[in-house]
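Visitor: for reference, the sequence and a predicted model appear below.
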Amino acid sequence: MTQLLPASADDLLSLQDGVLSRAQALQAGLTDKYLVAALRSGRWQRLHTGVYATFSGLPPRGAQLWAAVLRAGPEAVLSHQTAAELHGISDQSA
């Protein structure tokens with residue numbers, strides 16, 4: 001499978017540390033068939049229901065946080081300790 005991702009998906013993946021939701025993937029023009037093939041081949045991995053990392057291997061912290069936000073839904077945000085960590089005002093992981 002050599003399909004290139006649409007530019008809209010590339011921009012989103014860059015912003016979201018290589019993570020996207022199923023809804024975002026479909027909105028960017030990817031198909032369910034593409035998603036299934038990417039997951040089965042091991043090029044992508046499921047981080048949560050309906051949330052995918054577009055890479056294999058251990059997800060870095062930023063990808064983990066994006067996966068949590070995307071899984072929680074469109075109104076979700078990071079707050080408290082995690083937000084402090086991201087803004088460099090706390091050195092502890094959430």
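Guide: That came through, no problem.
Visitor: CA only for contacts and neighbour counts going forward, please
Guide: OK.
Visitor: which helix is the longest one in this protein?
Guide: Longest helix of the chain, by residue count under DSSP state H: helix 61-72.
Visitor: beyond that one, next helix or strand please.
Guide: Going down the chain from helix 61-72, the next helix or strand is helix 80-86, by DSSP states H and E.
Visitor: give the buried residues for that following helix.
Guide: Going by neighbour count (16 or more other C-alpha atoms under 10 Å), the buried part of helix 80-86 is 82, 84, 86.
Visitor: which helices and strands sit right next to it?
Guide: Helices and strands touching helix 80-86, by 3 or more C-alpha pairs under 8 Å, 6 or more residues apart in numbering; DSSP states H and E: there are none.
Visitor: please save the CA atoms from it in CSV.
Guide: What follows is helix 80-86, C-alpha atoms only, in CSV (Å, rounded to 0.1, in the frame of the first residue of the first chain):
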residue,chain,number,x,y,z
HIS,A,80,-3.9,21.1,35.6
GLN,A,81,-0.7,19.1,36.0
THR,A,82,-0.5,18.0,32.3
ALA,A,83,-1.1,21.5,31.0
ALA,A,84,1.6,22.8,33.4
GLU,A,85,4.0,20.1,32.2
LEU,A,86,3.4,21.1,28.6
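Visitor: still on that earlier bit, possible to save the buried residues of helix 80-86 as TSV with pLDDT and distance to residue 8?
Guide: Formatted as TSV, the buried residues of helix 80-86 follow (pLDDT from 0 to 100; distance: C-alpha to C-alpha, whole Å):
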residue	pLDDT	distance to residue 8
82	90	28
84	89	29
86	88	25
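Visitor: fine, thanks again, bye for now.
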